[in-house]
Structure formats: structure tokens, C-alpha cells
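1. Here's a sequence, model it:
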Amino acid sequence: MAVTSKESDKKLILEIDNGDSEKLSIALEKWNFKDIQSYWRFCLSVLIETENNGLWIESNGSPVRIMPAKHSLKDGQDDGK
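-> Numbers count the residues shown, from 1 in each chain. So this is what the prediction gives:
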């Protein structure tokens, strides 16, 4: 799985391949988004509006809190700050 990025001025270019590309396709289909732009806007809005940097989802009929993996955060923080 790989996502690489390149930034210049006010532009961000993402290259998504392998398993990440497949997961993106699955999410687009599952949520019935009309295009990738709508998908990214929704994802960003959810992350921006979420309090305490954690989300609650339903998995197998039970609520589960999900948060970014510790290795994905600056300085390995896990407290959502």
C-alpha cells in the first residue's frame, strides 16, 4: 500500500496505488459517492468537525471508537492533541 504526495504553492498532488487505491474504490462504492472530489470533501469535513480526534463507528452491531494509529501522529502522540 502506498500514498505519496508532492506539494507546490497551494497544490497537493497525491499518488495512490496498490491496496490503498483498492480501499479508496471500495469506500467510494460503499458510500455511493458520485466522484472522488465529493469523497475527499466529506472525509475532510468529518475529520475537522470531530471532537477529541476520535470517531465512533458501528462494527458488528457495537459502537467502537477509532483513532489514528500512534505511528501516524506527530511525535507518536496518542491523546488526540
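2. Now D20, what are its backbone angles?
-> Per-residue torsions, D20: phi -70, psi -40 (degrees, to the nearest 10).
3. so what's S59 bridging to?
-> When bridges are called by DSSP bridges, S59 pairs up with S62.
4. What about it, how many residues nearby?
-> The tally of other residues near S59 (other Cβ atoms under 10 Å) stands at 9. Every C-beta, even on glycine, is put in place using the N, C-alpha and C of the backbone.
5. all helices of this protein, in order?
-> 18-31, 36-49 (DSSP state H).
6. and the ones you listed as TSV, adding distance to I57, mean pLDDT and mean neighbour count?
-> Listed next are these as TSV, based on distance: least, Cβ to Cβ, whole Å; pLDDT from 0 to 100; neighbours: other Cβ atoms under 10 Å:
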stretch	distance to I57	mean pLDDT	mean neighbour count
helix 18-31	13	93	12
helix 36-49	11	94	11
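7. So for E58, which of those helices sits nearest?
-> helix 18-31 (13.8 Å; Cβ to Cβ).
8. Now do the closest one: which elements does it pack against?
-> Contact here means 3 or more Cβ pairs under 8 Å, 6 or more residues apart in numbering; DSSP states H and E; on that basis helix 18-31 packs against strand 2-8, helix 36-49.
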